[in-house]
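J.: Everything below, folded, please.
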Amino acid sequence: MQLPHEMRDTLVEQLDEYFDAQSGAPDGETVAAYVIELIGTVAEEMKLDDGVEIILKLESSGEMEASLLELLEEEFESNDEFEYTGEEIVSLVEKVCEIEWTTKDEDDADEDDDKDDDGDDPDGFFDAVAGDDDDD
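T.: Sure, this is the predicted structure:
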């Protein structure tokens, strides 16, 4: 599944803020629920999908046997050495959901490719003719 790199940056930043505000050791279930909620919220803010829809898409893209929530809870509770940072959690979600992050440049290139496919001037002939006015 492809998602904008901006979403990744936002998730990491907001998770780091969440952990900075916590006192004591994080609870795996609470953190997993927060991650699911945050992914949905960020997706809605970026107008990608509604919260429930993005989670379902992530779960199907990773071909998981359990829900994303259950997988995160299991990882947090079974791995005593797991570092609760935004980067670690986003990397985990990225791995289990098989996410590819696209940059703004890649998105723009895809849009430019779509514009070039309109068929009006496929080889740029009219662009070349317009620049030849100096020959008069």
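
J.: Could you use CA atoms for every contact and neighbour count after this?
T.: Noted.

J.: pLDDT-wise, which helix or strand of the protein ranks last?
T.: Here the helix or strand of the chain ranked lowest by mean pLDDT, DSSP states H and E is helix 104-116, holding a mean of 51.

J.: residue ranges for the strands of this protein, please.
T.: 2-4, 100-102 (DSSP state E).

J.: can I get the ones you listed in a markdown table with distance to F19, mean pLDDT and mean neighbour count?
T.: Below are those laid out as a markdown table (distance: least, Cα to Cα, whole Å; pLDDT from 0 to 100; neighbours: other Cα atoms under 10 Å):
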| stretch | distance to F19 | mean pLDDT | mean neighbour count |
| --- | --- | --- | --- |
| strand 2-4 | 23 | 92 | 14 |
| strand 100-102 | 23 | 91 | 15 |
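
J.: Kindly present those as TSV, with separate columns for distance to E63.
T.: Shown next, in TSV, are the strands of the chain (distance: least, Cα to Cα, whole Å):
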stretch	distance to E63
strand 2-4	15
strand 100-102	15
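
J.: closest to E59 out of these?
T.: Closest of the strands of the chain to E59 is strand 2-4, at 13.2 Å (criterion: Cα to Cα).

J.: contacts for that closest one?
T.: I99, E100, W101, T102, T103, K104 (Cα atoms under 8 Å, 6 or more residues apart in numbering).

J.: Name the nearest residue to the fifth one, sequence neighbours excluded.
T.: Okay, so that is T103. Sequence neighbours aside, H5 is the residue nearest to T103 in space, at 5.3 Å (criterion: Cα to Cα, 6 or more residues apart in numbering).

J.: can you tell me how far the one you found sits from L15?
T.: H5 is 15 Å from L15, where distance means Cα to Cα, to the nearest Å.

J.: Give me the more crowded residue out of these two.
T.: More crowded of H5 and L15, by other Cα atoms under 10 Å: L15, with 23 against 14.

J.: Quick one: low-confidence residue ranges for this structure.
T.: 104-136 (pLDDT under 70).
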